[in-house]
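Chemist: Fold the following, please.
(chains A and B)
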Amino acid sequence: MIEASHISKEVATSAGTLRILDDVNLKVDDGEALAIVGPSGSGKSTLLGILAGLDLPSAGQVRINSEDITAMDEEGRAAMRARYVGFVFQSFQLLPSLTALENVALPLELRGDAHALETARRFLERVGLDARWHHYPRQLSGGEQQRVALARAFASQPKILFADEPTGNLDTVTGETINNLLFQLNREAGTTLILVTHERVLASRCHRRVELQAGRLVHSEAAMPVNS
Amino acid sequence: MMALKLLWRSWRGGQLGLIFGSLVMAVVVVTSVALLADRVERALVKESSNFLAADAQVRSSREMPSQWLVEAYDRGVMTAEMALFASMVYSGDYNHLASVKAVQDNYPLRGVLTLSETPFATKPEQFQQVDHGPPPGEAWVDSRLLPLLNMNLGDRLDVGEVSLRATRVIVEEPDRGGSFSLFGARVLMNWEDLAASGVIQPGSRVNYRLLLAAGDDDLADYLSWLEPQLAVHDRLLSPDEAQAGLTETLAQGRRFLLLAGSLGVVLAGIALALASRHFAVGQTATVALLKSWGVSARRVRALYWQQTLWLGLAGSLLGLALGWVIHEVLIVLVRELLPVNLPAPGWRPWLTGLATGLLCLLGFALPALWHLPALSPLVVLRRDMPVQLVGAIRRLLIGVVVVAAMLLWYSQSLAMTLAVLGGLALTAATVMGPGWLLLRLLRHLGNRAGSVWRLALGNLWRRRVQSLVLLAGFASAMAILMTLVMIRTSLLEEWRWQLAEDAPNHFLVNVAPHELAGVEKLLADNQLQSVGWYAMVRGRITLIDGQPPSEELVDSNEALRRELNLSWSSQLPEGNVVEWGAWWDQLGDFSGRYGENVAPVSIEQDLAEEIGVTLGSRLTFNVGGLTFEGLVTSIRSLNWDTMTPNFYILFPEGYLEKFPRIFMTSLYLPQDQKPFVNELLREYPTVLVIELDMVIDRIRTMVSQVTHGLELMTLLILGCGVLVMLSAVKLSMGERLQESAILRTLGSTGRRILAVQSLEFGALGALSGLLAASGAELALFLLQRRMFEAPFELHWALWACGPLLGALLVGALGVLYTRQSVTRPPLQVLSGL
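Modeler: You can find the predicted model right below:
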């Protein structure tokens, strides 16, 4: 379970202090799929970064499985991320010098998994790219690259998956395919999913939807009952 | 293992090509330079070992204690004993005061004796080289001894009570070059005949020498044992000390070799820093991603340290191997120009190459990568997040410190390190200020010109920070190359001047006043010309400041034991510089100011230092039993390279003329007129002839070896400079590709883009050349004044060629790269962003 209480984020700019998040309170249950929506600049990605322990709030607390990650140092948060967290990014973030298979295997290898390549291959198969495992990112289309990124995210079997505009760089049809895949894999793995999007359709597929406006949580609604 | 895996993948992805290439190039340049320098230097040392006929030599006025020989034997050091003395030798009714050398069989330990069976032989096919002395009962003699004693080869000559058969003539003795103290014709005899000759009596003036030769370690070991045993009248000579005049030439050569090597390091460092910066930019996304997956900063640091280390080792090892290959290839290419067999290198060049590789990574690659572990993982979400790089100034400082440390290591000279660094700093300073102004000026000019010019010059101004960095890179590299080329040429000029083809090669000493006219006529009859006659008076220093010098001082200074050549001159002789005090013409009226009969004296600075004499010291001289006092009014430094007579002690005119005097001169005697020496000595047997031509030949050989070695190194460094430019251009290439693609999408033709880019690079190159010329001029000023003691003058060629060559070189590189950007489909370039 993720619990964020009274999260604020301020940054100093030349024009003075800018408040990006303002007293955000949020609770995400295990296995829940949550969509964070809102217009550009509303603080969605900042909130995602803070929930994932990539960034620290100016005030407030984030607890993951009852552990206060905001009280941890960077090393502690890194260890926490290694234990629980996976990511899918808008810009795919595949390493250009690695093949699809190596990209998927890398996080597994880093944690010392002896069967990293086998697992990676299985997940590439799962996303329909088993024939392309030896291709480099530049030889893959955008949709294929995001499928590799999905395979990489799920291969390390995270408890929580953070997705930042996962279809933001893709056309509608490809985006739809990726969305289907994302939810399918999520369901199979029982992963907690927190995704940032400005697409209403994608948001509506989550169990719950929260809306940010100018850094404040203005709206929260259950799109679907949990576990349905 | 993980680090190796990541390294391999980065390598495969082409991200490491530049950094690895620069590293390998750095090590290749340094290693090949170091190998060549080491081997050339070993050749030079070996040559100077020949001057001693050994690796080291002990000189003494007493016979060597047998314990020294035993100890040498025990420690694996080869020894040969030798005795030098002047003795009358006889053949029939004729006699000559010969300079006799009695040697053991294994003399010379280093180098060879060149002999001939034909007196006055000049053709190499008449020579034989041997590495041993004459057998008992035989004597090898100077050709000119034969006519002096009216004898032929095969005849007998008597040395004391022993009769020896003269079987060969000596063409060249390895250890004869610098020994000017024994003037008669040489008689070389076996050590075993010495006792029988009975010429050495108690009180005889004999110069004993112990020749030593061994491997470096054994010799050092033995010498450290020997040194405490040496008495004041024993003197240990290393090859460096063997030739006072030559040492300076050797040191100059060594300095230049080291300078060339160090400049290679600086260039390599620049290339590596640029390549590392390029690599670090590419690694930002990777590190952010790793950190988002929970890889700790400590692990990221460890991964990158390990990768750097592996890369460093691989690059250094490859660099060492290629360095060896390249230096071998270069040696083979110019083998004819390197007339000696170069000895095998020691371990030092290998260590230098390896250490340079690792130090370069430490100083240039690591600072560029240093920020990576501390990178915020948030960069994965926000690519626009500012990245906290290690500050440019700090990176520069680290680079400078590493370069300085390496320069200091190579040169062992703070002055040289500072001069090279100073030249670079001045170039950088010359770039940043005026470069900015010039770029601005160009933009204004471009605005009034056609669109291609406007675009090209506008680009330079728009990217002015990058332009300035590139400018600094190009300008520094070019400045170094220009400096090197100019030093090489000026240094050679200086050397050529010093060792002119007709530099005097013979000294005639001890010419009596009544012989002067006759000798002069003989010279004229043979179309020979002397440098002019110098009168001298033989005298001793008996008191210093009214006190007899201490026994210790006398023992350690030959100048206080023997008669010195005192001379006079109204003018400061050529090559002499008054370091302290004033020359006669600034002393005013001296007569009687310090008492009756007190003369002003000018003394050479090394001698003054050795015998503890300063300005104002009073010296008492004894000339033929008459004493008079002198007051030191000036201390001079001498230039021994001029091969003209130099005097330790000079007086003004009017003080020495009343004493009996003799004359000396030096002259150039061509090889085919060598028998003139014999003719001269027959007519004037008391005249002493010192043959310098052998010494000059040796110096010339060395200079030619060193010069050609340096030219090779300069070529290598030139290649390295081009690499710096390539990596600098490549660093900005991504952005240039992108712009070109955008322009083409907007309908610009490839040709037009090529024109814009080549103009842009050409202008940058021209500016670099201009700025490099000023930087090089400043560096030259420092180097020439401090290191090579050459007069400074403006080098107009730099100012003319710099901008032109810069524009051509950088412009050509620009075209080379931009051609790639017009051939690649714009969509491919843009989608790769």
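Chemist: residues near the closest residue to chain A within the stretch 101-250 of chain B, how many?
Modeler: Scanning the stretch 101-250 of chain B for the residue nearest chain A gives residue B:216, at 48.3 Å (criterion: CB to the nearest CB). In this view, the C-beta of every residue, glycine as well, is placed from N, C-alpha and C. By other CB atoms under 10 Å in any protein chain shown, 9 other residues sit near residue B:216.
Chemist: Same question for residue B:823.
Modeler: Number of residues near residue B:823 (other CB under 10 Å) recorded here: 8.
Chemist: do you know how far it is from chain A?
Modeler: Note on residue B:823: its distance to chain A, by CB to the nearest CB, to the nearest Å, is 18 Å.
Chemist: the bottom helix or strand of chain A by mean pLDDT?
Modeler: strand A:216-222 (a mean of 78; mean pLDDT, DSSP states H and E).
Chemist: So what are the sheet partners of it and their directions?
Modeler: strand A:208-213 (antiparallel) (DSSP bridges).
Chemist: Any buried residues in the partner strand, and which?
Modeler: A:208, A:209, A:210, A:211, A:212 (16 or more other CB atoms under 10 Å in any protein chain shown).
Chemist: Show me the contact partners of that strand.
Modeler: With contact meaning CB atoms under 8 Å, 6 or more residues apart in numbering or on different chains, strand A:208-213 is reached by A:21, A:24, A:26, A:32-39, A:42-44, A:47, A:203, A:217-223, A:226.
Chemist: Would you mind checking these for buried ones?
Modeler: Neighbour counting with 16+ other CB under 10 Å marks A:21, A:24, A:26, A:32-38, A:42-44, A:47, A:203, A:217 as buried within the contacts of strand A:208-213.
Chemist: Now do the buried residues in stretch B:188-199.
Modeler: Across stretch B:188-199, burial judged by 16+ other CB under 10 Å covers B:188, B:189, B:190, B:191, B:193, B:194, B:197, B:199.
Chemist: With stretch B:307-321 instead?
Modeler: For stretch B:307-321, using 16+ other CB under 10 Å, the buried residues are B:307, B:308, B:311, B:312, B:314, B:315, B:316, B:318, B:319, B:320.
Chemist: cool, stretch B:566-586 as well?
Modeler: Across stretch B:566-586, burial judged by 16+ other CB under 10 Å covers B:566, B:567, B:568, B:569, B:572, B:573, B:576, B:578, B:581, B:583, B:584.
Chemist: and if you look at stretch A:105-125?
Modeler: For stretch A:105-125, a neighbour-count test (16+ other CB under 10 Å) marks A:105-110, A:113, A:116-117, A:119-121, A:123-124 as buried.
Chemist: Output the residues you listed in TSV, with secondary structure appended to each entry.
Modeler: Putting the buried residues of stretch A:105-125 into TSV (DSSP: H, G, I helix; E, B strand; the rest coil) gives the following:
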residue	secondary structure
A:105	helix
A:106	helix
A:107	helix
A:108	helix
A:109	helix
A:110	helix
A:113	coil
A:116	helix
A:117	helix
A:119	helix
A:120	helix
A:121	helix
A:123	helix
A:124	helix
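Chemist: From those, list the ones also adjacent to chain B.
Modeler: A:107, A:109, A:110 (CB under 8 Å from any CB of the partner chain).
Chemist: Among these, which one lies nearest to chain B?
Modeler: The nearest one, if we look at these relative to chain B and count by CB to the nearest CB, is residue A:107, at 4.8 Å.
Chemist: can you give me the strands in chain A?
Modeler: For chain A, the strands defined by DSSP state E cover A:2-13, A:16-28, A:33-37, A:59-64, A:67-68, A:85-88, A:160-164, A:192-196, A:208-213, A:216-222.
Chemist: Would you mind putting those strands into a markdown table with distance to residue B:60 alongside?
Modeler: Shown next, in a markdown table, are the strands of chain A (distance: least, CB to CB, whole Å):
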| stretch | distance to residue B:60 |
| --- | --- |
| strand A:2-13 | 82 |
| strand A:16-28 | 88 |
| strand A:33-37 | 96 |
| strand A:59-64 | 88 |
| strand A:67-68 | 86 |
| strand A:85-88 | 84 |
| strand A:160-164 | 88 |
| strand A:192-196 | 92 |
| strand A:208-213 | 97 |
| strand A:216-222 | 99 |
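Chemist: Would you tell me which of those strands gets closest to residue A:149?
Modeler: Smallest distance to residue A:149 across the strands of chain A (CB to CB): 5.5 Å, for strand A:85-88.
Chemist: Kindly export the closest one (C-alpha atoms) in PDB.
Modeler: Output of strand A:85-88 as PDB, limited to C-alpha atoms (Å, rounded to 0.1, in the frame of the first residue of the first chain):
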ATOM      1  CA  VAL A  85       9.300  -0.400  -8.000                       C
ATOM      2  CA  GLY A  86       9.200  -0.600 -11.800                       C
ATOM      3  CA  PHE A  87       8.800   2.100 -14.400                       C
ATOM      4  CA  VAL A  88       7.400   2.700 -17.900                       C
END
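Chemist: That strand pairs with which strands, and in what direction?
Modeler: strand A:160-164 (parallel).
Chemist: quick check: angle from the strand it pairs with to strand A:59-64?
Modeler: Taking axes from the mean of the first three to the mean of the last three CA atoms, to 10 degrees, one finds strand A:160-164 and strand A:59-64 inclined to each other by 130 degrees.
Chemist: what does strand A:160-164 rub up against?
Modeler: The contact list for strand A:160-164, computed with CB under 8 Å, 6+ apart, reads A:2, A:45, A:48, A:51-52, A:64, A:84-90, A:153-154, A:182, A:186, A:191-197, B:381.
Chemist: Most proximal residue of the stretch 451-600 of chain B with respect to chain A?
Modeler: For the stretch 451-600 of chain B, CB to the nearest CB, closest residue to chain A: residue B:465, 20.5 Å.
Chemist: What score does the residue most central in space within chain A have for pLDDT?
Modeler: Taking CA atoms, centre = their mean, the centroid of chain A lies closest to residue A:162, which sits 1.6 Å from it. pLDDT recorded at residue A:162 is 92.
Chemist: nearest residue to it other than its sequence neighbours?
Modeler: residue A:52 (4.7 Å; CB to CB, 6 or more residues apart in numbering or on different chains).
Chemist: Quick one: neighbours of the one you found, just the number.
Modeler: 29.
Chemist: In terms of helices and strands, where is residue B:507?
Modeler: According to DSSP states H and E, residue B:507 maps onto strand B:506-511.
Chemist: now what about the following helix or strand past that strand, what contacts it?
Modeler: Going down the chain from strand B:506-511, the next helix or strand is helix B:513-525, by DSSP H and E. Outside helix B:513-525, the residues that touch it by CB under 8 Å, 6+ apart are B:508, B:511, B:529-530, B:533, B:661-663, B:667, B:679-680, B:683-684, B:686-687.
Chemist: Make a PyMOL selection of the buried ones in these.
Modeler: To isolate the buried ones among the contacts of helix B:513-525 in PyMOL, judged by 16+ other CB under 10 Å, type:
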select buried, chain B and resi 508+511+530+661+662+663+667+680+684+687
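Chemist: With respect to residue B:593, which of the contacts of helix B:513-525 is nearest?
Modeler: Among the contacts of helix B:513-525, residue B:661 lies closest to residue B:593 (CB to CB), at 25.8 Å.
Chemist: That closest one contacts residue B:533, correct?
Modeler: No. If you go by CB atoms under 8 Å, residue B:661 and residue B:533 don't touch, sitting 10.6 Å apart.
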